[in-house]
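Asker: Got a sequence here, can you model it:
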Amino acid sequence: MQNKNITVVKSMDVLNLFLHHSVLTLNEMVELLGVPKTSVHRMAGSFETMGFLQKNDEGRYKLGLQFLQFGQLVAERLDIRQIALPIMKELRDRAKEAVNLIIKDSNDAIYIEKVDTLHPVRLYTKVGRRAPLYAGACSRIILAFLDEDEQERYVCETKMVPIGSGTITDKDQMREVLADARENGYTISDSELENETISIAAPIFDHTGSLAAGLSIAGPDSRFGEERHPELIELLKSAAKEISFQLGYQEGNE
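Answerer: Coordinates of the predicted model:
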């Protein structure tokens, strides 16, 4: 039990009962767990309050709808990684640069998949890395395609502090850049998260037409001369569109 919280483990024991039982009374849970009734009652009550358990009119417990929400999110996010990875590898091979897959997590963007460039000089990122939505193309493309009210609320409430030498901190400028990204279907950042780096990002949409993720190409600015931008943008948007189509997206739904 080293490094484990005993209360959390015991609470999970309650939920684990429902892997094999669709409904249980409080007394049945007590019997199966072999722990005091007061403890089980307290844990079950807490889970009911949080939506992880539901109690019917007969006092019998079953798993709550909160699990459906979490399960759906996990399934969607796993599916998008599986769908995107081969397309990301093809994009890496054609663009010769690193490719990242990013989703929104609260007020951050989080990297959930990456394919490194084969160049010896590269921009290092890792799965699980976080960045604020206002900084960098990979994050900003998500912010650009949020609901307008949610986007404006974020811009108004967020203190935009410099991270790299090119981080945009002026809110009016940010609004212009977001509007351009939404109109053009991509955005470019220069030294916003790390100095002397460039990133180009495009949105990925799901079967409902909603934003699902962002796809980006990133690397040292020495390899991202403006003459390459049209080619890279075209490759990126094509890859993002292919992932969207495989998620069930149909043009005109966003």
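Asker: Low-confidence stretches in the protein?
Answerer: Applying pLDDT under 70 to the chain flags the ranges 1-5, 72, 75-78, 119-124, 252-254.
Asker: what's the distance between Lys96 and Ser222?
Answerer: In this structure, Lys96 and Ser222 are separated by 13 Å, where distance is defined by CB to CB, to the nearest Å. (Each C-beta comes from the backbone N, C-alpha and C, glycine too.)
Asker: higher neighbour count, the two?
Answerer: Residue environment comparison for Lys96 versus Ser222 gives the larger neighbour count to Lys96, 15 against 10, counting by other CB atoms under 10 Å.
Asker: my guess is that one contacts Ile217, does it?
Answerer: No. Lys96 is beyond contact range of Ile217, at 9.4 Å (criterion: CB atoms under 8 Å).
Asker: For the stretch 1-150 of the chain, just list every one of the strands.
Answerer: Assigned strands in the stretch 1-150 of the chain, in chain order: 53-55, 61-63, 98-105, 108-115, 130-132 (criterion: DSSP state E, counting those that start in this stretch).
Asker: between the fourth one and strand 98-105, how many degrees?
Answerer: In other words, strand 108-115. An angle of 150 degrees separates the directions of strand 108-115 and strand 98-105 when computed by axes from the mean of the first three to the mean of the last three CA atoms, to 10 degrees.
Asker: just checking, what packs against strand 108-115?
Answerer: Contacts defined by 3 or more CB pairs under 8 Å, 6 or more residues apart in numbering; DSSP states H and E place strand 108-115 against helix 66-95, strand 98-105, strand 130-132, helix 137-144.
Asker: out of those, nearest to Ser11?
Answerer: Distance to Ser11, taken as CB to CB, is lowest for helix 66-95 among the helices and strands packed on strand 108-115, at 14.2 Å.
Asker: how far off strand 108-115 does that closest one point, in degrees?
Answerer: Angle, helix 66-95 to strand 108-115, by the same axes, to 10 degrees: 50 degrees.
Asker: residues of helix 66-95 that come out buried?
Answerer: Neighbour-count burial for helix 66-95 flags 77, 80-81, 83-85, 87-88, 90-92, 94-95 (criterion: 16 or more other CB atoms under 10 Å).
Asker: Could you check how far Ile102 is from Ser216?
Answerer: If you measure Ile102 against Ser216 using CB to CB, the figure is 7 Å.
Asker: One more: Glu192?
Answerer: For Glu192, the distance to Ser216 under the criterion CB to CB works out to 12 Å.
Asker: Neighbour count for the two, which is higher?
Answerer: Ser216 (30 against 25).
Asker: returning to that earlier point: show me the common contact partners of Glu192 and Ser216, please.
Answerer: Shared contacts of Glu192 and Ser216, defined by CB atoms under 8 Å, 6 or more residues apart in numbering, are found at Ala137, Ser199.
Asker: returning to what we had before: looking at the buried residues of helix 66-95, spot the one nearest Lys55.
Answerer: Out of the buried residues of helix 66-95, the one with the shortest distance to Lys55 is Arg77. That distance is 30.1 Å, counting by CB to CB.
Asker: mind checking which of the helices and strands packed on strand 108-115 is nearest Thr208?
Answerer: Set against Thr208 and scored by CB to CB, the helices and strands packed on strand 108-115 come closest in helix 66-95, at 10.8 Å.
Asker: on contacts alone, who are the packing partners of the closest one?
Answerer: Identification of packing neighbours for helix 66-95 by 3+ CB pairs under 8 Å, 6+ apart yields strand 98-105, strand 108-115, strand 211-220, helix 229-246.
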